[in-house]
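K.L.:
Okay, structure incoming, though there's no sequence with it:
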């Protein structure tokens, strides 16, 4: 059930009852006999009812704010509960505005009744006050008896206000006709006054009855208002409990769905992590094997380099031995032949030590050509042959 629709229907019924009970055009006649004390009591009752409404609304609002503070504690149910509280506060505001409008209508009815009584009192008392003022302040006379005597003598002079629209001569001498006219005027005034009093009495009786009816209707409306307040309070509490339960259930369902989704996401992430781990392990194994191959190649290259170095060293030693052998042979030949001064050939010079090291580290293609000793010294060396060679060199 919707509380807003129930309250709207009840308020529409109350407004229709207020419209039916409102006096409308007859309020000026109905409120004439209501006493000021009664009106003050009605106003105080209306104000007290308004104060009660305000206090109840404030208490309900304070309760809602307290509920807001209590509901802000959970982390995930705050939004739904705040939305529910917002809807309830809107419904309370609507109900409060309708109650204020209805109280204003009651106050307007009471004010119209008060105004109608004042207007009737002024209308009924103006004529008498005017007549009394004329009697008291006419032609300089001070006593009412003297004024009545003067009015009896010259009545048209004192009834000039009534005949203000007519062209009548006021300077009239006393005569029988004037006295008769004065008597007739007095009789007509008395008759008119009696008729007016009768009408007023009849109107006051009707106004008294209608005022009593209005009082009963106001009392019934106040009772209905209190009953509606109780119904609204009970319905509000029940709806609040139901909404709280529904919100908690919905929050639980949402949490369960979120937990299931998170579990699925976790399983997927774990699978992805395992796949990445396998890929990394495979790559690390490949890199380790590649590094092992590189290390093996390094060892092989180092061994080859050491072997080549040893070979070049051995060749160097052999070459030096050959040079020493050749030098000994030359010395032996010098002892047998004539001693002549000539420079050693370039091929027989001993190379420096740095060049020997460099040539040992370079490949075989880069070695300097060996001096073929047998080609130069294949024939037997004699003094004559050496002499011929020296001549060739000199030329």
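P.N.:
All right, it came through fine. As the structure is a computational prediction, the values presented were derived from the model and not from experiment.
K.L.:
how does this structure divide into domains?
P.N.:
Using automatic domain parsing, the domain parsing of the chain gives 3-140+195-261, 293-394.
K.L.:
Tell me the helices and strands packed up against the longest helix along the chain.
P.N.:
Ranked by number of residues, the top helix in the chain under DSSP state H is helix 176-336. Under the contact criterion of 3 or more CB pairs under 8 Å, 6 or more residues apart in numbering; DSSP states H and E, helix 176-336 touches helix 3-21, helix 27-30, helix 36-71, helix 78-136, helix 144-153, helix 155-158, helix 353-361. Any C-beta I mention is one placed from the backbone N, CA and C, and that applies to glycine too.
K.L.:
and residue 274, how far is that from residue 220?
P.N.:
Note on residue 274: its distance to residue 220, by CB to CB, to the nearest Å, is 80 Å.
K.L.:
wait, residue 330
P.N.:
Counting by CB to CB, the gap from residue 330 to residue 220 is 157 Å.
K.L.:
Check residue 268 too.
P.N.:
For residue 268 relative to residue 220 (CB to CB), the value is 70 Å.
K.L.:
now residue 263
P.N.:
64 Å.
K.L.:
list the buried ones in stretch 212-228?
P.N.:
Within stretch 212-228, the residues scored as buried using 16 or more other CB atoms under 10 Å are 214, 217-218, 221, 225, 228.
K.L.:
The residues you listed into TSV, with extra columns for pLDDT and distance to residue 287?
P.N.:
Conversion of these to TSV gives the following (pLDDT from 0 to 100; distance: CB to CB, whole Å):
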residue	pLDDT	distance to residue 287
214	82	103
217	84	100
218	85	98
221	87	94
225	86	88
228	86	85
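K.L.:
Return the member of those nearest to residue 180.
P.N.:
Distance to residue 180 across those (CB to CB) is lowest for residue 214, with 50.3 Å.
K.L.:
got any ranges where this protein has weak pLDDT?
P.N.:
The model of the chain has pLDDT under 70 over residues 1-82, 106-151, 153-179, 193-204, 335-395.
K.L.:
try 80 this time
P.N.:
1-93, 95-96, 98-208, 210-211, 334-395 (pLDDT under 80).
K.L.:
Can you name the residues that contact residue 291?
P.N.:
Counting by CB atoms under 8 Å, 6 or more residues apart in numbering, residue 291 makes contact with nothing.
K.L.:
Please report how far it lies from residue 298.
P.N.:
10 Å.
K.L.:
ok, residue 268 - how many residues close by?
P.N.:
10 (other CB atoms under 10 Å).
K.L.:
One more: residue 188?
P.N.:
10.
K.L.:
so how far is residue 182 from it?
P.N.:
11 Å.
K.L.:
And residue 270, by the same measure?
P.N.:
On the measure of CB to CB, residue 270 and residue 182 end up 124 Å apart.
K.L.:
Who has more neighbours out of those two?
P.N.:
More crowded of residue 270 and residue 182, by other CB under 10 Å: residue 182, with 19 against 10.
K.L.:
okay but the more buried one is in contact with residue 152, surely?
P.N.:
Yes. The pair formed by residue 182 and residue 152 meets the contact definition of CB atoms under 8 Å, at 5.9 Å.
K.L.:
Identify the contacts common to those two.
P.N.:
Common neighbours of residue 182 and residue 152 (CB under 8 Å, 6+ apart) do not exist.
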